[in-house]
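In: sequence? don't have it. structure:
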């Protein structure tokens with residue numbers, strides 16, 4: 001078998017692979033077009049309040065919000081998630097994680113939004129945006145309380161920006177190490 005035979009079969013193989021990739025890509029795109037509906041259904045079935053879900057398919061109803069939420073700290077990267085789920089409760093996060101796991105969809109999580117390399121997002125992924133989960137709760141005694149008082153407990157939700165956290169801690173004479 002000469003080089004000519006290999007060249008012809010390599011070209012046939014390349015065309016076959018290209019067709020398979022196009023077919024797979026179309027299947028993924030078609031499945032992603034229903035992602036908002038399927039996510040909403042998953043929340044209904046779980047009996048959990050439906051969070052805001054932004055996607056390219058519902059861009060007309062959400063205006064610029066999808067494009068704005070696609071942006072990440074590092075402007076070198078531009079990702080287009082299949083859906084952005086703005087969770088406000090742990091139950092909403094749980095439903096989204098189970099949903100993506102069952103369907104083997106890629107999942108990314110954005111908390112405060114500060115990610116140098118852009119790993120918090122991706123194209124054709126489900127992006128859990130936790131920025132609305134940004135409460136800081138401080139329990140316990142003030143620092144002026146007696147020495148044997150119970151330790152202070154600080155609960156920090158995952159979407160809390162660092163500046164907000166340090167400001168609220170400072171108001172209670174608390175701090176965390178950082179650099």
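Out: Received the coordinates, thanks. Predicted, not measured: the structure shown is a model, and the values here were computed from it. Numbering: from 1, shown residues only.

In: low-scoring stretches of this structure, by residue?
Out: In the predicted model, the chain carries pLDDT under 70 at residues 1-33, 63, 113-116, 140-151, 179.

In: repeat that with 80
Out: 1-33, 56-64, 72-77, 112-120, 140-152, 179 (pLDDT under 80).

In: can you list the domains in it?
Out: Annotated domains of the chain cover 24-129, 136-171 [automatic domain parsing].

In: mind listing what residue 125 touches?
Out: With contact set as C-beta atoms under 8 Å, 6 or more residues apart in numbering, residue 125 has these partners: 79, 81, 82, 105, 106, 107, 108. C-beta coordinates here come from the backbone N, C-alpha and C atoms, glycine included.

In: Need those in JSON lines (columns: distance to residue 91, neighbour count and secondary structure).
Out: Below are those laid out as JSON lines (distance: C-beta to C-beta, whole Å; neighbours: other C-beta atoms under 10 Å; DSSP: H, G, I helix; E, B strand; the rest coil):
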{"residue": "79", "distance to residue 91": "26", "neighbour count": "16", "secondary structure": "coil"}
{"residue": "81", "distance to residue 91": "21", "neighbour count": "27", "secondary structure": "coil"}
{"residue": "82", "distance to residue 91": "22", "neighbour count": "23", "secondary structure": "coil"}
{"residue": "105", "distance to residue 91": "19", "neighbour count": "19", "secondary structure": "coil"}
{"residue": "106", "distance to residue 91": "22", "neighbour count": "13", "secondary structure": "coil"}
{"residue": "107", "distance to residue 91": "17", "neighbour count": "17", "secondary structure": "strand"}
{"residue": "108", "distance to residue 91": "20", "neighbour count": "19", "secondary structure": "strand"}
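
In: now, the most widely separated pair of those?
Out: Pairwise distances across the contacts of residue 125 peak at 14.7 Å for 79 and 105 (criterion: C-beta to C-beta).

In: if we can go back for a sec, ranking the domains of the chain by mean neighbour count, which comes first?
Out: By mean neighbour count, with neighbours taken as mean count of other C-beta atoms under 10 Å, domain 24-129 ranks first of the domains of the chain at a mean of 16.

In: nearest spatial neighbour of residue 128, skipping sequence neighbours?
Out: Using C-beta to C-beta, 6 or more residues apart in numbering and skipping the chain neighbours, the partner closest in space to residue 128 is residue 109 (4.8 Å).
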